[in-house]
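Asker: sequence unknown, structure follows:
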């Protein structure tokens, strides 16, 4: 890498561009390497869909908690020790029923309740999901493996503000009498986004 | 702005590339760049609305061909350059080649002066105005009528916050639209809910 002289006319590789900005931020004393390592740990160990799974299991097993979750989602998840970023001031729990199915998206970018259900998976951020889920919800869900009965009402929620959403999936009937821990073990990220059943 | 990012309802896209247990990141650089934009927000170099708007300002060919985290990188670099934290020549010298940035921003705007308080159950019409700068009103609801089903606390108003314009925070309303009203005879039957800032809404 030449420190002086002309810069090549071709676009630098993505890895070189990322390293360039990291070097520049480091030179300004922002310590990017530490922050990157810290965030990696948060993503792996703390912002995990198992948080949301605990919330769902508790809502299934505890009617009073379910009511608190539906009326103030943010307070209810924090009650379980799950962190909410300061700007996520409002969390709406969307309860699926035999008649109603909820599904979450962000058509403008990629917003999610990441501390509760984890950072969004690749397909959630892809152009296809963002373009199609609001307009072709039933067809898209079917293509993704969720074939809903014709009588089910579909409700799509586009995350366009700092309000965040979590879908409370239908509890499978065979789970009657299970412990909350066992219930949580079957709740998936994709079911809390609303593209998958359980 | 009516940018390439405003994808809701756009036609012609193929199947969602869905896999169960899909990854968040595909390469280590993706997590690095994701952390670095958070670092910049934490240090107050820019806010989330400025961050989103710099992605929206990417030239459409670049937007569509870039991966999600290349868009993150482009926004981060664009804002660091625009705010005179990093000269683009330094970035390009370190990178050993060109470092494409987003295009310049149009001006932002303040709150609507005619805001009427709404309540759950009210019918509202979404403003038909065209906005040159940052806005969190997807084009697919522009001018459409819906029903308020929820209300949020007050958040920074993106149309101002994304441009350094002083403005009041605003509540947002979750508004329920019928997909058949949004795209008559050209959508799967469903209710589509969009969180909309107070300034975007008028009584219906």
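Answerer: That came in fine, so what should we check first? These numbers were taken from a predicted model, which means no experiment stands behind them.

Asker: residue ranges of each domain in the chain, please.
Answerer: As the question left the chain open, I've gone with chain A. For chain A, automatic domain parsing gives the domain ranges A:14-45, A:49-193.

Asker: my question was about chain B
Answerer: Using automatic domain parsing, chain B is parsed into the domains B:1-103, B:123-203.

Asker: save those domains as TSV, and put in mean neighbour count, mean pLDDT and distance to residue A:137 too.
Answerer: Heads up, the C-betas are built off the backbone N, CA and C, glycines and all. Listed next are the domains of chain B as TSV, based on neighbours: other Cβ atoms under 10 Å in any protein chain shown; pLDDT from 0 to 100; distance: least, Cβ to Cβ, whole Å:
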stretch	mean neighbour count	mean pLDDT	distance to residue A:137
domain B:1-103	19	97	11
domain B:123-203	19	97	4
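
Asker: switch the ones you listed over to a markdown table; also include distance to residue A:43.
Answerer: Output for the domains of chain B, formatted as a markdown table (distance: least, Cβ to Cβ, whole Å):
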| stretch | distance to residue A:43 |
| --- | --- |
| domain B:1-103 | 7 |
| domain B:123-203 | 25 |
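
Asker: how about CSV for those domains, with distance to chain A added?
Answerer: Shown next, in CSV, are the domains of chain B (distance: least, Cβ to the nearest Cβ, whole Å):
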stretch, distance to chain A
domain B:1-103, 3
domain B:123-203, 4
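
Asker: just to revisit the earlier point, in a markdown table: the domains of chain A, plus mean pLDDT and mean neighbour count.
Answerer: As requested, the domains of chain A are arranged in a markdown table below (pLDDT from 0 to 100; neighbours: other Cβ atoms under 10 Å in any protein chain shown):
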| stretch | mean pLDDT | mean neighbour count |
| --- | --- | --- |
| domain A:14-45 | 97 | 16 |
| domain A:49-193 | 97 | 20 |
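
Asker: just send these back as a markdown table, with distance to chain B too.
Answerer: Converted to a markdown table, the domains of chain A look like this (distance: least, Cβ to the nearest Cβ, whole Å):
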| stretch | distance to chain B |
| --- | --- |
| domain A:14-45 | 4 |
| domain A:49-193 | 3 |
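
Asker: need those in CSV (columns: distance to residue B:63).
Answerer: Formatted as CSV, the domains of chain A follow (distance: least, Cβ to Cβ, whole Å):
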stretch, distance to residue B:63
domain A:14-45, 15
domain A:49-193, 9
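
Asker: which one of those lies closest to residue B:191?
Answerer: In terms of Cβ to Cβ, the element of those nearest to residue B:191 is domain A:49-193, at 4.8 Å.

Asker: can you tell me which residues contact residue 170?
Answerer: Assuming you mean chain A. By Cβ atoms under 8 Å, 6 or more residues apart in numbering or on different chains, the contact list for residue A:170 reads A:96, A:97, A:98, A:197, A:198.

Asker: actually, chain B is the one I wanted.
Answerer: Counting by Cβ under 8 Å, 6+ apart, residue B:170 touches B:111, B:115, B:154, B:155, B:157, B:197, B:198, B:199.

Asker: find the nearest non-adjacent residue to it, please.
Answerer: Once flanking residues are discounted, residue B:170 sits nearest to residue B:198: 4.3 Å by Cβ to Cβ, 6 or more residues apart in numbering or on different chains.

Asker: ok, back up a step: quick check, nearest of the contacts of residue A:170 to residue A:57?
Answerer: Nearest to residue A:57 out of those is residue A:198 (Cβ to Cβ; 11.2 Å).

Asker: thinking again about what came up before, show me the contacts of residue B:170 that map onto strands.
Answerer: B:154, B:155, B:197 (DSSP state E).

Asker: can you lay out the residues you listed as JSON lines showing distance to residue A:91?
Answerer: Listed next are the ones in strands among the contacts of residue B:170 as JSON lines, based on distance: Cβ to Cβ, whole Å:
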{"residue": "B:154", "distance to residue A:91": "16"}
{"residue": "B:155", "distance to residue A:91": "14"}
{"residue": "B:197", "distance to residue A:91": "18"}
